[in-house]
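In: Build me a structure from this.
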Amino acid sequence: MSTLGFKTLTRQNWLEPESIMNAFVHVSRTDQTTVSVTADEWVDRFLKPQLDPCVPTEILRMFEVARSAVAYGYFFYPLYTLAGEQLYRIAEAAVSVRCGMIGTLPGTAKSFKRQLEFLREQNLLSDQDLVWWDTVRELRNYVSHPRNQNILMPYDVLRDLCEVATRINHLFAVTET
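Out: The predicted model follows:
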C-alpha cells in the first residue's frame, strides 16, 4: 500500500486484489477463527441487488455501471467510493426521470429538492420516504463537491447499493393516485 492509503496502480499489480481486502473476514461463531471473504463472495454480494425491468433503461444502465465498478473495488479499493458516490447521482436521475413520466413540474424549479417535493405532492413518496430521499440529496451534494478523497468501506457501499436499488424499484413500481 502506498502513502495514499490504497495501492498505487502499476502494470504489475493492476489485477491483484487490494491487500486491505484481507482485513474483511468471516468469524466462526464456535471457535472465533477467521477466514478472509473471498473475491467470489464479494462479487456475489454486489451482484445481488437488481433493478426491476419496469425501471427505465437509462437508469438501469447507470446502475449497472456503478454496480459493476463496485465489484472491481476488490482490486482497486477506491472504486468502492466512486461507485458508492455515483449511486447518489443515479438516485437523483431516477427521481428526475420519474417526475418526467408524470409531467412537467409546476413553475421553473427543477432542483432535486423540488422534484422530491413534487413526488410527495403526487403521493408517490411518503413522508418517511421523503426523509430518506432528502438525505440522499444531501449526500449527493456532499460527494459532488469534494475537498479531499473520500474512502468508503465496501460494506457501506453494499448497504447503499441495496437500499438505492430498493428505493428506485419502488419509485417506478408505484402508481400515481
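
In: In stretch 29-41, which residues are buried?
Out: Across stretch 29-41, burial judged by 16 or more other CB atoms under 10 Å covers Val37. To be clear about C-beta, it is placed using only N, CA and C from the backbone, and glycine gets the same treatment.

In: Between the two ends of that stretch, how far is it?
Out: For stretch 29-41, the separation between the terminal residues is 19 Å (CA to CA, to the nearest Å).

In: Tell me where this protein has helices.
Out: Secondary structure of the chain (DSSP state H): helices located at 39-47, 57-71, 78-102, 112-121, 127-144, 154-173.

In: quick one: which of these is nearest Lys7?
Out: Lys7 lies closest to helix 78-102 among the helices of the chain, at 9.3 Å (CB to CB).

In: Most tightly packed of the helices of the chain?
Out: Highest mean neighbour count among the helices of the chain (mean count of other CB atoms under 10 Å): helix 78-102, with a mean of 20.

In: quick one: Val55 and Arg114, what's the gap?
Out: For Val55, the distance to Arg114 (CB to CB, to the nearest Å) stands at 22 Å.

In: Can you get me a residue count around Val25?
Out: Using other CB atoms under 10 Å, Val25 has 11 neighbouring residues.

In: how about the nearest residue to it, chain neighbours excluded?
Out: Using CB to CB, 6 or more residues apart in numbering and skipping residues adjacent in sequence, the residue nearest Val25 is Thr34, 4.0 Å away.

In: Now do the same contact list for the one you found.
Out: By CB atoms under 8 Å, 6 or more residues apart in numbering, the contact list for Thr34 reads Val25, His26, Val27, Ser28.

In: Save the residues you listed as a markdown table, and put in distance to Thr81 and pLDDT too.
Out: As requested, the contacts of Thr34 are exported to a markdown table (distance: CB to CB, whole Å; pLDDT from 0 to 100):
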| residue | distance to Thr81 | pLDDT |
| --- | --- | --- |
| Val25 | 21 | 89 |
| His26 | 24 | 83 |
| Val27 | 25 | 89 |
| Ser28 | 30 | 84 |
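
In: Now flag whichever of those is closest to Val43.
Out: His26 (15.8 Å).

In: ok, Asp134 to Trp42 distance?
Out: According to CB to CB, Asp134 stands 31 Å off from Trp42.

In: And Val27, by the same measure?
Out: According to CB to CB, Val27 and Trp42 sit 17 Å apart.

In: Same question for His170.
Out: 26 Å.

In: Could you do Lys7 as well?
Out: 17 Å.

In: In space, what's closest to the residue nearest the centre of the chain - neighbours in sequence excluded?
Out: The centroid of the chain falls nearest to Leu87 when counting by CA atoms, centre = their mean (3.3 Å). Excluding the flanking residues, the one nearest Leu87 by CB to CB, 6+ apart is Val164, at 4.7 Å.
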